[in-house]
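Asker: I'll drop the sequence and a predicted model, then ask my questions.
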Amino acid sequence: MGVLPCLGQDESPVPADVTQGSKHAAQPILDKAVEAFKGGETRTAIQLFESAHAQHPDLSPGEVMFARLAFATGKSTDGHNALQRAAMAHGEDPEVWSMLGELSLGEGRIAEAAVLFQRSLELTEQEAFNESRKVRLQVKAHAGLAAIYQRWKQLEQAKKHLRTWIELDERNESAWNQLASVYFQLENYEVARQTLVNLNTFSKQGTLPDTKMGQLYQSVGKHDLAKRSMESAVKTGAKDLQTLLEVALWAMTSGEQDMMKQCVERAKSLNPNSAAVKALDGTMERFEGDFESAETAFSELHRENPGSFDATNGLALALLSQEDSEKATLALRHAEMLVKTNTNLKTQKGRAAAATYAWALMQNGKNQEANAVIRQVVESGEFSPEVGYFAAAIFESVGELQLAKQFIQAAMSSSAAFPQKDAGQELLQRLTK
């Protein structure tokens with residue numbers, strides 16, 4: 001699936017095209033505009049941005065710079081309004097349509113986004129721009145169109161835009177990863193792997209091609225090929241911590257317990273003090289049913305870093321698995337801290353935190369509260385089979401048997417493993433009698 005950065009996440013409050021290289025001549029005006037914005041002087045900020053654009057046409061239009069700053073600081077309404085004004089006043093500028101395209105895509109208006117990105121791309125060809133700004137806007141348009149065509153499963157079109165994106169920005173790791181995924185979906189596996197090999201020559205992430213290919217094979221249910229790729233990755237990266245952790249995570253969710261244990265033990269020998277290794281060690285203990293050892297591992301990690309999501313979540317889940325009322329109470333306190341610091345259910349961490357909280361509520365006899373929370377989780381986005389099991393058990397506890405059956409069937413039919421799979425099988429049998 002194509003990935004497009006959200007507005008506000010990839011943009012500096014000061015426009016990117018004036019922060020690269022030497023200091024731009026308009027920087028004093030831009031700094032004043034930012035200060036006015038911070039002080040709530042919206043009109044003054046816009047006027048200063050417009051003045052900067054009037055004196056330096058290589059910059060984005062004033063309303064566009066203001067919109068970018070508004071989105072970057074969470075003031076989306078101000079950003080939307082500024083873009084609407086920019087569309088009327090600067091309809092010839094491609095950045096207006098590119099930003100509107102990103103908004104439409106993010107809000108699920110895919111066809112509308114396609115038209116907007118295409119319009120932006122056409123305008124970059126028609127107008128004379130500062131070259132670096134022109135390239136940046138072309139990259140945004142091609143990235144947006146690539147994401148759209150991937151959603152539409154029009155893979156040849158997606159491939160075309162991804163290849164152009166790479167020609168413009170040849171070391172963009174997202175573009176290379178997406179291109180490999182597109183080749184894979186086209187069942188051109190050798191080219192997909194070679195694309196990943198090319199990426200690996202400069203990637204800062206350091207993910208081996210075999211690891212990524214294994215993940216891709218697993219995503220389409222080709223477990224044997226996935227396992228073969230992961231075994232190759234372990235041989236190549238036997239002394240590489242990141243490779244061992246990535247393969248261990250794959251093995252954990254794919255039911256390959258022996259491979260998971262092998263990778264975790266190797267990782268511990270390489271760097272026993274790594275927080276990631278300790279978290280994975282605790283998770284491995286959970287999968288093996290040794291919840292006291294999991295508690296010990298996550299407790300140590302939590303003492304070292306009380307703010308760690310993985311440590312707190314892992315500790316809460318380990319405590320909840322031990323059928324001990326005092327530990328269940330402690331787990332609920334940890335889960336409450338998680339949901340207070342991870343409130344956005346649109347994020348993976350937000351949903352995971354809320355699911356753990358719901359599970360802790362149920363284990364403490366608060367079934368109706370658990371039901372209310374878990375419903376929000378499953379309605380907010382994708383979730384793991386383990387969370388599906390939590391949902392099924394909670395729904396059963398409040399008498400929603402048909403709903404419970406639906407969720408446990410989905411969890412048990414998933415190719416991904418989870419620690420409570422035996423309990424899930426018992427629940428499934430109970431609900432299908």
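Answerer: Here it is on my side, so go on.

Asker: just how off-centre is stretch 411-428 within its chain?
Answerer: Centroid separation for stretch 411-428 versus its chain: 25 Å, with Cα atoms, centre = their mean, to the nearest Å.

Asker: Tell me the helix or strand right after the lengthiest helix in the chain.
Answerer: Counting residues, the longest helix found in the chain (DSSP state H) is helix 131-151. Downstream of helix 131-151, the next assigned helix or strand under DSSP states H and E is helix 155-168.

Asker: what distance separates the helix or strand that that next one is followed by from the centre of its chain?
Answerer: Next in sequence after helix 155-168, counting helices and strands by DSSP H and E, comes helix 173-185. Chain-centre distance of helix 173-185: 16 Å, with Cα atoms, centre = their mean.

Asker: what angle do the next helix-or-strand element following helix 173-185 and helix 173-185 make?
Answerer: As assigned by DSSP H and E, the chain's next helix or strand after helix 173-185 is helix 189-200. Here helix 189-200 runs at an angle of 170 degrees relative to helix 173-185 (axes from the mean of the first three to the mean of the last three Cα atoms, to 10 degrees).

Asker: ok, and for helix 189-200, which residues are buried?
Answerer: Buried residues in helix 189-200, defined by neighbour count with 16 or more other Cβ atoms under 10 Å: A192, R193, T195, L196, N198, L199, N200. In short, each C-beta sits where N, CA and C put it, glycine included.

Asker: which helices and strands does the helix or strand following that helix pack with?
Answerer: Sequence-wise, the next helix or strand downstream of helix 189-200 (DSSP H and E) is helix 209-219. When contacts are defined as 3 or more Cβ pairs under 8 Å, 6 or more residues apart in numbering; DSSP states H and E, helix 209-219 packs onto helix 173-185, helix 189-200, helix 223-236, helix 241-254.

Asker: Can you convert those into TSV and add a column each for mean pLDDT and distance to M260?
Answerer: Listed next are those as TSV, based on pLDDT from 0 to 100; distance: least, Cβ to Cβ, whole Å:
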stretch	mean pLDDT	distance to M260
helix 173-185	97	24
helix 189-200	96	23
helix 223-236	96	10
helix 241-254	93	4
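
Asker: which residues touch E300?
Answerer: Contacts for E300 (Cβ atoms under 8 Å, 6 or more residues apart in numbering) come out as K278.

Asker: distance of it from P306?
Answerer: 12 Å (Cβ to Cβ, to the nearest Å).

Asker: With S219 instead?
Answerer: The spacing between S219 and P306, counted by Cβ to Cβ, is 35 Å.

Asker: go on, L100?
Answerer: As for L100, its distance to P306 is 43 Å (criterion: Cβ to Cβ).

Asker: just I374 next, same as before
Answerer: Taken as Cβ to Cβ, the span from I374 to P306 is 26 Å.

Asker: between those two, who's got more neighbours?
Answerer: Each of I374 and P306 has its neighbours counted (other Cβ atoms under 10 Å); I374 has more, 27 against 10.

Asker: Let me see the contact set for the more buried one.
Answerer: Going by Cβ under 8 Å, 6+ apart, I374 touches A354, A355, A358, F390, A391, I394, F395.

Asker: Just the closest of those to S51, please.
Answerer: The shortest gap between S51 and any of the contacts of I374 belongs to A354, at 46.6 Å (Cβ to Cβ).

Asker: what about that closest one, neighbour count?
Answerer: Going by other Cβ under 10 Å, the residues that sit close to A354 add up to 25.

Asker: Tell me who's in contact with the residue lying closest to E246 once chain neighbours are set aside.
Answerer: Sequence neighbours aside, T211 is the residue nearest to E246 in space, at 5.0 Å (criterion: Cβ to Cβ, 6 or more residues apart in numbering). Neighbour list for T211: S229, M230, A233, G237, T243, E246, V247, W250 [criterion: Cβ under 8 Å, 6+ apart].

Asker: Taking the residues you listed together, which two end up most distant?
Answerer: Taking Cβ to Cβ, no two of the contacts of T211 sit farther apart than G237 and W250, at 12.9 Å.

Asker: what about this protein, any weak spots by pLDDT?
Answerer: When residues are selected by pLDDT under 70, those of the chain lie in 1-22, 127.

Asker: Now list the buried members of the contacts of T211.
Answerer: Burial by neighbour count, 16+ other Cβ under 10 Å: within these this picks out S229, M230, A233, G237, T243, E246, V247, W250.

Asker: so G381, which of the three states?
Answerer: Following DSSP: H, G, I helix; E, B strand; the rest coil, G381 is assigned to coil.

Asker: For the residue nearest to T207 when sequence neighbours are not counted, give me its contacts.
Answerer: With Cβ to Cβ, 6+ apart as the criterion, T207 has its nearest non-adjacent residue at 6.6 Å, and that residue is E246. For E246, the contacting residues are T207, T211, A233, by Cβ under 8 Å, 6+ apart.

Asker: Count the residues that sit near E107.
Answerer: Counted with other Cβ under 10 Å, E107 comes out at 10.

Asker: what about K23, which SS state?
Answerer: coil.

Asker: what's the spacing between it and A328?
Answerer: Note on K23: its distance to A328, by Cβ to Cβ, is 58 Å.

Asker: ok, these two, which is more surrounded?
Answerer: Comparing K23 with A328 by other Cβ under 10 Å, the one with more neighbours is A328, at 21 against 9.

Asker: who's in contact with V234?
Answerer: Listed by Cβ under 8 Å, 6+ apart, the contact set of V234 reads T243, L244, V247, M259, Q262, C263.
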